[in-house]
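**Q** Just a sequence and a predicted model for now, questions to come.
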Amino acid sequence: MIDNYTIRVFNHLAIETTTALNVRVFYCLKGKCNITINIQEFELRKDEIAFVIVNDTYSLVSTKNSTCCVIDIPIHYYFRYNQQHLLSNGMKVDKGRIKYWIFQLLKLHCLSKVDKLETNKLIQYLLIELGNLKLQPVKFNRHMYFSEEVHQYLVDHHESKINKQDLANAVNMSNQSLTQMFKQTPFQTFNQYLNQIRLKFCLTDILTTHRPIEDIAIDHGFHHYYRFIQLFKDTYGRTPKLIRKDCITTSMFKKSSEEINLDRHILKFINDLQDTASGVIDVKQLAISEEELKY
């Protein structure tokens, strides 16, 4: 069963620059929201969706007349349905079936008809749709495999001076196997994959702290500062100093957000959004075998 998920609705939602610890889905019910995910900016208007996943750095501001639904789901459930989760980032999405499952969750909560089995299936359908989104831009290879143990070792030791042989010894794999594994990723090599992990940690600290950038780089394994600056600029399009200047000022105070009770009044938003044509979804499209719904 999927426990500890939450679904809430806010007026004038504002979130300071922070790091995601789970899966968080934003659905704009009214007005407009601007969300920045890993320095990429997205505008959410009425009936538009975005989501962030663990380690994404994000912030959100919205207009005074806006209303936004926020769904939080533990990250390990997302991992079950996304084979590329180790390389994933949140983004803005446009997919009718994601809206459909959110509609159903909201309706159950607004009508106080929350059945654990029913909500569990709805959350799983939602996760499957989000997981499939990340597979679309990647040329799918059914034999593609990347070890979570390898990824976790690099995360845990990214600040240290490690090489591929250190990794091979730690995870009990051959150098050749690791080389083939890294070739299956968009980063191609051990060094490029490790640098992406280090850069993500640096980006988080640059946007969420006021520590000197050079200290941040050293703490996360970059001991050649000018090389770090070049890698960072190649990856994010701007230097760390410019990104900090441009993005950290977008942080907003959270006190402006007003949570709304999930009751029948929220159903008006749902009914306004759910067009009859879009609300009817082909049964064949929604059919998911029981084998895919592993608890």
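**A** Sure thing, it's come through.
**Q** residues of the helix or strand I7 falls within that come out buried?
**A** Element membership for I7, per DSSP states H and E: strand 6-11. By neighbour count on 16 or more other Cβ atoms under 10 Å, the buried set for strand 6-11 is I7, R8, V9, F10, N11. Every C-beta, even on glycine, is put in place using the N, C-alpha and C of the backbone.
**Q** before we move on, what about stretch 220-235?
**A** In stretch 220-235, counting by 16+ other Cβ under 10 Å, buried: H220, G221, F222, F228, I229, L231, F232.
**Q** How about the fourth one, nearest residue that isn't a chain neighbour?
**A** Spelled out, it's F228. F222 (3.8 Å; Cβ to Cβ, 6 or more residues apart in numbering).
**Q** This structure - how does it break down into domains?
**A** 6-138+263-276, 148-249 (the TED database).
**Q** Could you tell me the least trusted of those?
**A** Ranked by mean pLDDT, those bottom out at domain 6-138+263-276, which scores a mean of 79.
**Q** just how off-centre is it within its chain?
**A** Taking Cα atoms, centre = their mean, to the nearest Å, the mean C-alpha location of domain 6-138+263-276 is offset from the chain mean by 10 Å.
**Q** One more: stretch 194-206?
**A** Relative to its parent chain, stretch 194-206 has a centroid offset of 16 Å by Cα atoms, centre = their mean.
**Q** Render the CA-only coordinates of stretch 222-231 in CSV, please.
**A** Extracted in CSV, the C-alpha atoms of stretch 222-231 (Å, rounded to 0.1, in the frame of the first residue of the first chain):
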residue,chain,number,x,y,z
PHE,A,222,35.9,20.0,-7.5
HIS,A,223,39.5,20.9,-6.6
HIS,A,224,40.2,22.9,-9.8
TYR,A,225,38.0,25.9,-9.5
TYR,A,226,38.2,27.2,-13.1
ARG,A,227,37.5,23.7,-14.4
PHE,A,228,34.4,23.7,-12.2
ILE,A,229,33.2,27.0,-13.5
GLN,A,230,33.5,25.8,-17.1
LEU,A,231,31.7,22.5,-16.4
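**Q** who touches it?
**A** K161, N195, R198, L199, C202, E214, A217, I218, T239, P240 (Cβ atoms under 8 Å, 6 or more residues apart in numbering).
**Q** so where do the helices sit in the stretch 51-200 of the chain?
**A** Listed in chain order, the helices of the stretch 51-200 of the chain (DSSP state H, counting those that start in this stretch) span 75-79, 96-110, 116-133, 148-157, 164-171, 175-183, 190-208.
**Q** from the buried residues of strand 6-11, which is closest to Y153?
**A** Lowest distance from Y153 to the buried residues of strand 6-11 (Cβ to Cβ) belongs to I7, with 35.1 Å.
**Q** looking at it, the closest one is touching Q104, isn't it?
**A** No - assessed by Cβ atoms under 8 Å, I7 is found out of contact with Q104, at 10.9 Å.
**Q** show me the residues around I216 that make contact.
**A** C202, D205, I206, T209, P240.
**Q** and it, that's in a strand?
**A** No - membership of I216 in a strand is not supported by DSSP: H, G, I helix; E, B strand; the rest coil, which gives helix.
**Q** Show me which residues of stretch 186-202 are buried.
**A** Buried, per 16+ other Cβ under 10 Å, within stretch 186-202: F187, F190, Y193, L194, N195, Q196, I197, R198, L199, K200, F201, C202.
**Q** got JSON lines for these, with distance to C68 too?
**A** Putting the buried residues of stretch 186-202 into JSON lines (distance: Cβ to Cβ, whole Å) gives the following:
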{"residue": "F187", "distance to C68": "34"}
{"residue": "F190", "distance to C68": "41"}
{"residue": "Y193", "distance to C68": "35"}
{"residue": "L194", "distance to C68": "36"}
{"residue": "N195", "distance to C68": "35"}
{"residue": "Q196", "distance to C68": "30"}
{"residue": "I197", "distance to C68": "31"}
{"residue": "R198", "distance to C68": "33"}
{"residue": "L199", "distance to C68": "30"}
{"residue": "K200", "distance to C68": "26"}
{"residue": "F201", "distance to C68": "29"}
{"residue": "C202", "distance to C68": "30"}
